[in-house]
Structures are given as structure tokens and as C-alpha cells.
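**Student:** here is the input, now give the coordinates:
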Amino acid sequence: MRSRSCFGVLLGVLGVLVWGSNVFAAPPGPRVSGANQRVGRDWSLAEAHRRAGRHKQCGEIFERLVKALPKHPRADAMLFNAAVCYEQGGEVWHAIRARKGLVKRFPRSRFAPVAMRNLAANYHKVLKLADAAGWHERYAFRYPKRKDARESLMRAIALRGGLRQKLRMRGNVRRFIVRYGYHYPALGARVFWQWVAYARDHGKAAEYETALGHYFRRHARRGSVDRMIEALVELGRIQWRRSCRIPADEGVCRRVRLVKKRGSSKRRRVVRYLARKPIPVATAARYFNRALKVWANGRALGKISTYAPDRVARRQNARRFAALATFMKAELQLESYLKSAPPRIAKARADPLLASRSLGRATKWMHGKMKTGARLVKSYLRVITGVRARVGGKQRGDPQWSIAALYRSGSIFRNFARQVQGAGVPKSWGAAPRSKALGAFKICVALAKKLGWHDLWERRCRRALHELNPTSYPRPKGR
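**Tutor:** Below is the predicted model:
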């Protein structure tokens with residue numbers, strides 16, 4: 001189950017923050033006569049209204065002053081104070097009007113940058129997210145050397161991603177990398193990962209692969225270690241899927257058909273395993289090996305700062321993809337095991353000597369397949385025993401891929417029992433693997449129930465239990 005999109009989290013944070021300064025501008029000095037005397041008198045009256053909580057009247061006085069004296073040297077400060085009064089009184093749209101007037105009429109004023117930042121916050125407050133993103137972008141593009149320009153552009157990227165405005169988001173990411181990526185490489189890697197996450201959730205497969213490759217080549221070493229592991233594993237999975245010429249069946253490159261026998265209502269399951277393309281398989285194996293090298297038996301978790309606010313989520317993410325890399329390394333060997341079929345056994349009545357020899361070959365095949373299966377099960381169980389991280393004060397494995405590893409372990413024994421069933425060998429050969437498969441699937445379901453983790457792999461375990469023992473285990477709902 002995929003966690004919540006990073007854009008949803010960022011937008012939630014943006015809704016809480018009040019970004020910008022609402023410091024009231026100081027009144028004009030006492031040394032001037034004429035119009036400035038009126039300004040000083042009305043300014044003091046507006047401040048009195050503000051202190052008394054009559055914020056709307058405060059804003060109206062400042063706006064009347066600007067209208068009466070448009071060329072006054074403090075007209076920009078009056079518009080700024082009008083917006084502050086309106087915002088403190090809850091009149092957000094009036095504040096937006098005053099600030100837009102300030103930016104338009106006095107673009108070189110020292111209050112203009114603050115007004116632009118506050119406009120972005122105001123538009124976000126009234127849920128005009130596209131306008132909020134636009135003001136963040138205008139501020140970042142007009143004042144790129146200011147310290148908070150980076151933060152403004154990052155907010156614009158998050159908003160454009162949340163609104164699914166792909167082209168504008170990608171353009172903002174490029175501008176951020178060009179302007180700030182050299183001096184702030186870790187921040188550049190974090191920003192580019194937002195584009196990777198957008199391509200994963202909303203883009204095409206080719207865009208996602210391109211974004212992952214670019215991140216791995218340019219930003220992975222400067223970014224978080226958990227994202228480096230994730231990028232490597234995802235690139236390996238893309239190559240693994242590409243190696244099969246047809247859509248895989250439960251992750252296995254095969255065609256499954258149910259063939260009906262003549263004169264019978266029963267259907268026989270016919271499986272044909274297809275050869276994978278060797279080059280994508282080798283490339284996928286390199287990615288998985290490199291991901292586990294970065295994981296380094298959990299030592300990679302030491303690179304995640306204990307002071308990082310999202311350290312728990314990052315540790316879990318690193319664990320999840322390290323478990324997936326371990327699982328995929330075992331998957332590389334699975335199909336060769338499944339393809340291994342028992343030799344045909346001749347009937348003893350027709351030729352006793354030939355029957356004896358074929359039984360010997362079948363016995364040799366059985367012992368070889370049992371050893372290979374045991375090694376393969378051990379590889380899958382490393383997902384549970386070898387990939388662990390401290391979460392909540394305890395060393396825990398990844399729930400999703402631990403359940404998947406148990407399903408695969410049961411499938412290995414089930415495959416052996418199925419092959420032996422119709423091969424003409426003694427029935428006792430299939431009894432032990434069948435009971436082991438049943439036990440693995442039971443543990444799979446029990447673990448999922450204990451962890452409260454119910455997904456596709458858990459449903460597969462329930463379906464396998466129903467196939468092996470339909471009287472005791474009901475058919476699971478759903479596909």
C-alpha cells in the first residue's frame with residue numbers, strides 16, 4: 001500500500017504556515033505641514049481603530065488616504081498597513097486587493113516583496129492554489145538572490161504538483177536546479193525527487209523511468225540514502241518487467257491456460273514458462289545488487305540524521321526497498337526452479353528395466369529440486385530475517401515484503417507437489433511438500449492478521465489455502 005503522496009503532505013503544511021510579515025509600518029515623521037498633517041492625524045486614528053479591534057475601519061482609513069494623496073511619499077506604507085488591518089480583521093479579499101495595488105503601483109517599494117509573499121499566503125488561505133503558486137513564482141523570479149526565494153520556489157513546485165500542472169512544475173524544478181543546485185546540492189536532490197514522485201503517481205512510465213535515471217545519475221549521491229536505494233530498486237524493477245515479452249502472471253513470466261478434457265467437465269491447468277530477455281535481466285540484477293550494497297546490512301540507516309523530522313519515515317522507506325531488493329534477488333532464481341519438470345516414468349509392465357532407470361532419474365530430479373527449493377526458500381526468508389530496522393523501539397522487518405516472501409516460499413512447495421501429482425511417481429513424494437506449502441500459507445495469513453496488513457499478497461495466500469484445502473478455508477473475496 002502506497003503511502004500518501006508527498007504533494008498532499010506539503011500542501012497540508014502550507015495550509016498551516018502564515019508566510020510573510022504583517023509588521024505595521026511606522027507613521028510619518030512630525031516635520032512636514034499641509035497634507036502630511038492630515039496623514040499623521042488619520043494614521044493615528046487608524047492605529048487607534050486597530051488597537052480597539054476595529055480592523056476594517058483601520059484599513060478603510062488608509063485606503064482613503066492613498067486615494068486622496070496618491071503621490072504621497074508614504075503611499076506604499078499606507079497600502080501595506082491597509083492590507084495588514086484587513087487581514088487581521090478577516091477581510092482576506094480586501095487585503096488581496098490592497099496588496100495587488102501596492103505591487104502594481106509601487107513595484108520598487110521596500111514593501112513590495114513582503115506584499116508578494118503575503119499575497120501567496122492569502123490566495124492559499126482562500127484555496128486559490130494556482131494564484132498562490134503564481135505569486136510564489138513571481139517572488140522567486142523577481143528576487144532570486146533573497147534568502148527566502150528558494151523556499152518560495154519550493155512552495156510553488158509543491159503547489160503545481162498538487163494541482164497536476166506538469167509543465168509548470170517541471171519548469172520550476174529546472175529553474176531551482178539551475179539557480180540553487182550547485183550551492184545547495186542536498187536541497188536540489190530533494191526538490192528533484194518531488195518531480196520523480198509526481199512522475200510515479202501521475203506521469204507515464206517512460207517519464208518515470210527518465211526521472212529516476214536522471215535522479216540516480218545527478219542527485220542520488222547528494223540526496224537521502226533511502227531515496228538512493230528506492231531509485232536503484234525501482235530502476236531494477238523496470239528492467240525486470242521489460243525482460244518478459246508479455247505481462248507477467250503473479251510476477252512470473254508465463255502463460256496459464258485452463259484446458260478442458262474431452263468427455264469431462266474438469267479443466268486441467270497448463271502452464272508455459274517463457275524465456276526472459278537476458279540483457280534486461282542482467283541489468284536488473286546489477287541494480288538490485290547495488291541497492292543492497294548501499295543498504296549494507298542496515299548500516300545505511302546510520303546516515304539518516306537522528307535530528308531529521310522525518311527520520312522514522314525515511315528509515316521505514318529504506319527498509320522497505322532493501323527488503324524489496326532482497327525479494328527481487330530471489331525472484332531472479334525462481335523461474336528456473338519452476339521450469340524444472342520431472343522426467344517421465346515408464347510403466348513397469350512394458351519394460352521393467354526402463355521403468356527402474358526412469359524411476360532413478362526421477363529420484364535424482366526430486367533430490368536436486370528439493371535442494372534447490374530449500375536454497376530458494378532460504379533466499380526469500382532473508383527478507384524477513386535479514387532486513388530489519390528499529391521502529392518504535394524494536395527491530396522490525398518490512399510487513400509487505402515479508403508476507404510476499406512467505407507466499408513465495410509456500411508457492412515453491414506447492415509447485416513441487418503439483419509437478420509430482422501427475423508424473424506417475426509415488427504419491428508419498430508430494431505429501432511432505434504439500435504440508436509445507438500449507439504451513440507457509442498459514443503463517444502468511446497469521447502474520448498479515450497480526451500486523452493488520454491486508455494487500456494483494458495476503459489475498460494470494462488465502463486463495464492458495466483454499467486451493468489446497470477448500471473444505472477448511474473459504475474462497476477469499478475479490479481478485
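**Student:** the helices in the stretch 301-450 of the chain, which residues?
**Tutor:** 311-339, 352-385, 399-421, 428-451 (DSSP state H, counting those that start in this stretch).
**Student:** is it true that Met154 touches Ile177?
**Tutor:** No - using CB atoms under 8 Å, Met154 makes no contact with Ile177, being 11.9 Å away. Any C-beta I mention is one placed from the backbone N, CA and C, and that applies to glycine too.
**Student:** quickly list what's touching both of those two.
**Tutor:** Val191 (CB atoms under 8 Å, 6 or more residues apart in numbering).
**Student:** could you pull out the strands for the stretch 201-350 of the chain?
**Tutor:** Here the stretch 201-350 of the chain has its strands, by DSSP state E, counting those that start in this stretch, at 254-260, 267-273.
**Student:** how about a markdown table for those strands, with mean neighbour count, mean pLDDT and distance to Leu65 added?
**Tutor:** Below are the strands of the stretch 201-350 of the chain laid out as a markdown table (neighbours: other CB atoms under 10 Å; pLDDT from 0 to 100; distance: least, CB to CB, whole Å):
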| stretch | mean neighbour count | mean pLDDT | distance to Leu65 |
| --- | --- | --- | --- |
| strand 254-260 | 11 | 85 | 80 |
| strand 267-273 | 11 | 82 | 83 |
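**Student:** pipe these into TSV and attach distance to Pro247 per row.
**Tutor:** Formatted as TSV, these follow (distance: least, CB to CB, whole Å):
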stretch	distance to Pro247
strand 254-260	10
strand 267-273	14
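**Student:** ok, which of those comes nearest Asp42?
**Tutor:** strand 254-260 (83.0 Å; CB to CB).
**Student:** low-confidence ranges in the stretch 151-300 of the chain?
**Tutor:** Across the stretch 151-300 of the chain, the ranges flagged by pLDDT under 70 are 263.
**Student:** the same query, at a cut-off of 90, please.
**Tutor:** In the predicted model, the stretch 151-300 of the chain carries pLDDT under 90 at residues 203, 250, 256-272.
**Student:** give the burial count for Ala285, as a bare number.
**Tutor:** 16 (other CB atoms under 10 Å).
**Student:** if I look at it, how far off is Leu167?
**Tutor:** 36 Å (CB to CB, to the nearest Å).
**Student:** skip the chain neighbours and tell me the closest residue to Tyr380.
**Tutor:** Excluding the flanking residues, the one nearest Tyr380 by CB to CB, 6 or more residues apart in numbering is Ala405, at 4.2 Å.
**Student:** pretty sure the one you found is touching Val377, no?
**Tutor:** No - applying CB under 8 Å, one finds Ala405 not in contact with Val377, separated by 9.0 Å.
**Student:** neighbour-wise, which of the two wins?
**Tutor:** Ala405 (28 against 19).
**Student:** ok, now which ones touch that one?
**Tutor:** Phe327, Ala330, Tyr380, Leu381, Val383, Ile384.
**Student:** now Arg268: closest residue in space that isn't a chain neighbour?
**Tutor:** Val259 (5.0 Å).
**Student:** test my guess that that neighbour contacts Lys266.
**Tutor:** No - with contact defined as CB under 8 Å, Val259 does not reach Lys266; the gap is 10.0 Å.
**Student:** Val173: neighbour count?
**Tutor:** 25.
**Student:** check Lys442 too.
**Tutor:** Lys442: 16 neighbours (other CB under 10 Å).
**Student:** likewise for Lys145?
**Tutor:** 6.
**Student:** now name the helix or strand holding it.
**Tutor:** In the assignment (DSSP states H and E), Lys145 maps to no helix and no strand.
**Student:** roughly how far apart are Glu335 and Val233?
**Tutor:** 19 Å.
**Student:** you'd agree Val252 is up against Leu334?
**Tutor:** Yes - in this structure, Val252 is within contact of Leu334 by CB under 8 Å, at 6.9 Å.
**Student:** and for the nearest residue to Ala275 once chain neighbours are set aside, the neighbour number?
**Tutor:** Distances taken as CB to CB, 6+ apart place Cys253 nearest to Ala275, at 7.8 Å, with adjacent residues excluded. Neighbour count of Cys253, defined by other CB under 10 Å: 21.
**Student:** rewinding a little: now for the strands of the stretch 201-350 of the chain, which one comes closest to Lys128?
**Tutor:** Nearest of those (CB to CB): strand 254-260, 52.4 Å.
**Student:** name the strands paired with the closest one and say parallel or antiparallel.
**Tutor:** strand 267-273 (antiparallel) (DSSP bridges).
**Student:** name the residues that touch the strand it pairs with?
**Tutor:** 252-261, 335, 338-339.
**Student:** any idea how far the closest residue in space to Ala75 that isn't next to it in sequence is from Gly101?
**Tutor:** Spatial nearest neighbour of Ala75, chain neighbours left out: Val66 (5.2 Å); criterion: CB to CB, 6+ apart. Note on Val66: its distance to Gly101, by CB to CB, is 8 Å.
**Student:** identify the contacts common to those two.
**Tutor:** Leu79.
**Student:** between those two, which is the more surrounded one?
**Tutor:** Higher neighbour count among Val66 and Gly101: Val66, with 21 against 18, using other CB under 10 Å.
**Student:** my read is the more buried one is in a helix, agree?
**Tutor:** Yes - counting by DSSP: H, G, I helix; E, B strand; the rest coil, Val66 is located in a helix.
**Student:** next, count neighbours for Glu151.
**Tutor:** Neighbour tally, Glu151, other CB under 10 Å: 17.
**Student:** tell me the secondary structure at it.
**Tutor:** Per three-state DSSP, Glu151 ends up helix.
**Student:** ok, the closest residue to Leu332 other than its chain neighbours to Gln400 distance?
**Tutor:** Closest residue in space to Leu332, ignoring its immediate chain neighbours: Ala285 at 5.9 Å, by CB to CB, 6+ apart. Distance, Ala285 to Gln400, by CB to CB: 22 Å.
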